[in-house]
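1. Using only what follows, build the 3D model:
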Amino acid sequence: MTGPDLTASYVEFWRERHLCTLSTLRADGTPHLVPVGAVLDAEAGYAWVITSRTSQKARNIVRAGPGGAPVAVCQVDGRRWATLEGIAEVLDAADSVREAERLYAQRYRTPRPNPDRVAVRITLRRALGNA
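-> Numbers count the residues shown, from 1 in each chain. Below is the predicted model of the structure:
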């Protein structure tokens, strides 16, 4: 595990089906917050999101450059909540997109075909919450 230490209950909460939000930064520094399906790969220290390469979130991350962009992904269920913070990068290699789709399908459903799909991989730096 390269990211933060996560408890078993925290990881389990990220296996349950919940809608998430992803926060990125626009060019003017203001937050861009959108609903997403996000998947935690705790063993690898990543969270994954699938999106279209033309989405605002993907453009915000790409604009940050090769070092990646600081982001946060969060989910809430009543009083339980969990936020993962890290550095995001947009990956368009077929194997990365397939891996993100595979993980997404395990938590949600098989995603519809999208030839413009990219994978957002978040290298985890911090985990917050009360899950």
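2. Show me where the protein dips below the pLDDT cut-off.
-> Counting by pLDDT under 70, the chain has low-confidence residues at 1-3.
3. Please enumerate the strands of it.
-> The residue ranges that make up the strands of the chain, judged by DSSP state E, are 20-25, 31-36, 38-41, 46-52, 69-77, 80-91, 117-129.
4. What number of neighbouring residues does the closest residue to Glu16 other than its chain neighbours come out with?
-> The shortest distance from Glu16 to any non-neighbouring residue, by CB to CB, 6 or more residues apart in numbering, is to Asp77 (7.3 Å). In this view, the C-beta of every residue, glycine as well, is placed from N, C-alpha and C. For Asp77, the count of nearby residues is 13 (other CB atoms under 10 Å).
5. I'd assumed His18 was in contact with Asp77.
-> Yes: with contacts defined as CB atoms under 8 Å, Asp77 counts as touching His18 at a distance of 5.7 Å.
6. For the longest helix anywhere in the chain, name the packing helices and strands.
-> Taking DSSP state H as the assignment, the helix of the chain that covers the most residues is helix 94-107. Contact here means 3 or more CB pairs under 8 Å, 6 or more residues apart in numbering; DSSP states H and E; on that basis helix 94-107 packs against strand 38-41, strand 46-52, strand 117-129.
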